[in-house]
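J.: Okay, here's the prediction I keep looking at, along with the sequence it came from:
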Amino acid sequence: MTKALKVVSDFEPAGSQPEAINNLVSGLQDGLLHQTLLGVTVQENLHNGKSY
């Protein structure tokens, strides 16, 4: 089963984000089931709008 993912945002990717997005998309198209984002300096876990 294939599900489409559509990202809706008022923000445009900046800096190295476009390259990272393209790399993730390429990995998905190549059938990779697991991928890791390298160089993430700040990561917040959000669940139901709350930051943990």
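T.: Structure received.
J.: Within the helices and strands, which one has residue 15?
T.: Element membership for residue 15 (DSSP states H and E) is empty, with no helix or strand holding it.
J.: any chance you could map the strands in this protein?
T.: For the chain, the strands defined by DSSP state E cover 46-47, 50-51.
J.: Distance across stretch 10-25, terminal residue to terminal residue?
T.: The straight-line separation of the ends of stretch 10-25 (C-alpha to C-alpha, to the nearest Å) is 20 Å.
J.: Buried residues in it, which are they?
T.: For stretch 10-25, the neighbour count (16 or more other C-beta atoms under 10 Å) marks no residue as buried. Bear in mind the C-beta positions are built from the backbone N, C-alpha and C, glycine included.
J.: And the contacts of it?
T.: Identification of contacts with stretch 10-25 by C-beta atoms under 8 Å, 6 or more residues apart in numbering yields 35, 37, 39.
J.: I'd like the distance from it to the chain centre, please.
T.: 8 Å (C-alpha atoms, centre = their mean, to the nearest Å).
J.: how about low-confidence regions in the chain?
T.: Scanning the chain for pLDDT under 70 picks out the ranges 1, 40-52.
J.: if you set the cut-off to 90 instead, what comes out?
T.: 1-7, 9, 15-17, 20, 36-52 (pLDDT under 90).
J.: Pick out the residue closest to the middle of it.
T.: The geometric centre of the chain, computed from its C-alpha atoms, lies nearest to residue 21 (C-alpha atoms, centre = their mean), at 6.3 Å.
J.: Cheers, nothing more for now.
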